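A.B. asks: any chance you can model this:
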Amino acid sequence: MTFSPAPQDLVLTLLGAHHVPREHGTVWSGGLVRLLAEFGFTEGAARVALNRLVARDLLAPTKNGRHVHYALTPRTLTVLAEGDQRIFTLGERPRTETTWTVLWHSIPEDRRLARTRLVSRLRFLGFGSVQDGTWLAPHDREKELAALLAELEVAEHAGVMLGRPATAVDFGVFVTRVWDLDELSARYRDFVEHFRDHEVEDDRAALLLRTRLVHTFREFPTLDPELPADLVPAPECRAEALRLFHDLYPALAPAAQRHFDEVTAP
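C.D. replies: Numbering: from 1, shown residues only. Below you'll find the predicted structure:
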């Protein structure tokens, strides 16, 4: 399993996992540059990533003497909270027949950025693409969609419907064309094989492993719609991957936090 994250994404993973509490305080820019260097990024690439996060309204810079610090913006806090909800409740309990949500949208071409952000957030909410502009999720996502469409200011270009599949046709066959369930099972299997046996020698190694662990695991909410168990079987190795993540992530926390705090202190 290769680990080649974009530096902007890796910054958000590091802050989401180790900047506590998120709502208060700032993180020294030099410390973030040093942490990115530990994952193989040059100082130039790290500073470009930080500047781009500022331009995207995901980080807010402040100056303390000659040091630049970053605070999380309200938008970032929302995204991280939404991410936590999906990551830490994924596969929490077997799901049976449920309310489904269908979203249609026809966002104008001149709102391309809003459309890109919508697609990214839809996948993290468990939606799959049926066809261009039509999305399906095996959850009641009315409240989340209302907030998301309002945030992106595209509610007038979208329609939402709640319902359940008809029983006259095999809906289980249809969903295999919306989500690649074989690929999902393979990813869970790779995750288990990669993270099952690891020895951590020091605090730095703990932070590197914990960050890789959560950054890799956070992909699953975008891939796994958590389909009802009475519709299709749960993905192979999902239960083992969940146990591994929920055991290893908190176990590494104290050592990883020590290293994060030491490196990000000016």
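
A.B. asks: can you pull out the low-pLDDT segments for the stretch 151-266 of the chain?
C.D. replies: The model of the stretch 151-266 of the chain has no residue with pLDDT under 70.

A.B. asks: that one: helices as residue ranges?
C.D. replies: Across the stretch 151-266 of the chain, reading from the start of the chain, the helices by DSSP state H, counting those that start in this stretch fall at 171-178, 181-195, 203-217, 220-223, 238-263.

A.B. asks: just the strands in this protein please.
C.D. replies: Remark: strands of the chain, listed N- to C-terminal, are 27-28, 59-64, 67-72, 100-105, 128-131, 134-137, 158-163; assignment by DSSP state E.

A.B. asks: if we compare these, which one ends up closest to residue 219?
C.D. replies: Shortest separation from residue 219 across the strands of the chain is recorded for strand 128-131, at 14.7 Å, computed as CB to CB. Bear in mind the C-beta positions are built from the backbone N, C-alpha and C, glycine included.

A.B. asks: the closest one: how far from the chain's middle?
C.D. replies: The chain centre lies 19 Å from the centre of strand 128-131; the measure is CA atoms, centre = their mean, to the nearest Å.

A.B. asks: which helices and strands does it pack with?
C.D. replies: Based on contacts counted as 3 or more CB pairs under 8 Å, 6 or more residues apart in numbering; DSSP states H and E, the elements that strand 128-131 packs against are strand 134-137, helix 171-178.

A.B. asks: same thing but 7 Å
C.D. replies: In terms of contacts (3 or more CB pairs under 7 Å, 6 or more residues apart in numbering; DSSP states H and E), strand 128-131 is packed against strand 134-137.

A.B. asks: and the strand it packs on, average pLDDT?
C.D. replies: Over the span of strand 134-137, the pLDDT mean works out to 96.

A.B. asks: that one: partners in the sheet, and parallel or antiparallel?
C.D. replies: Strands that pair with strand 134-137, judged by DSSP bridges, come out as strand 100-105 (antiparallel), strand 128-131 (antiparallel).

A.B. asks: got the buried residues for the last one?
C.D. replies: By neighbour count on 16 or more other CB atoms under 10 Å, the buried set for strand 128-131 is 128, 130.

A.B. asks: residues in contact with that strand?
C.D. replies: Applying CB atoms under 7 Å, 6 or more residues apart in numbering, the contact partners of strand 128-131 are 135-136, 178-179, 225.

A.B. asks: ok, the closest residue to residue 258 other than its chain neighbours - contacts?
C.D. replies: In this structure, residue 258 finds its nearest non-sequential neighbour in residue 203, 4.7 Å apart by CB to CB, 6 or more residues apart in numbering. When contacts are counted by CB under 7 Å, 6+ apart, residue 203 is found next to 255-256, 258-259.

A.B. asks: just the buried residues from the contacts of strand 128-131, in ChimeraX please.
C.D. replies: Here is the ChimeraX command that selects only those of the contacts of strand 128-131 that count as buried (16+ other CB under 10 Å):
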select :135,136,178,179,225
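
A.B. asks: possible to save the contacts of strand 128-131 as a markdown table with distance to residue 61?
C.D. replies: As requested, the contacts of strand 128-131 are arranged in a markdown table below (distance: CB to CB, whole Å):
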| residue | distance to residue 61 |
| --- | --- |
| 135 | 35 |
| 136 | 40 |
| 178 | 41 |
| 179 | 39 |
| 225 | 38 |
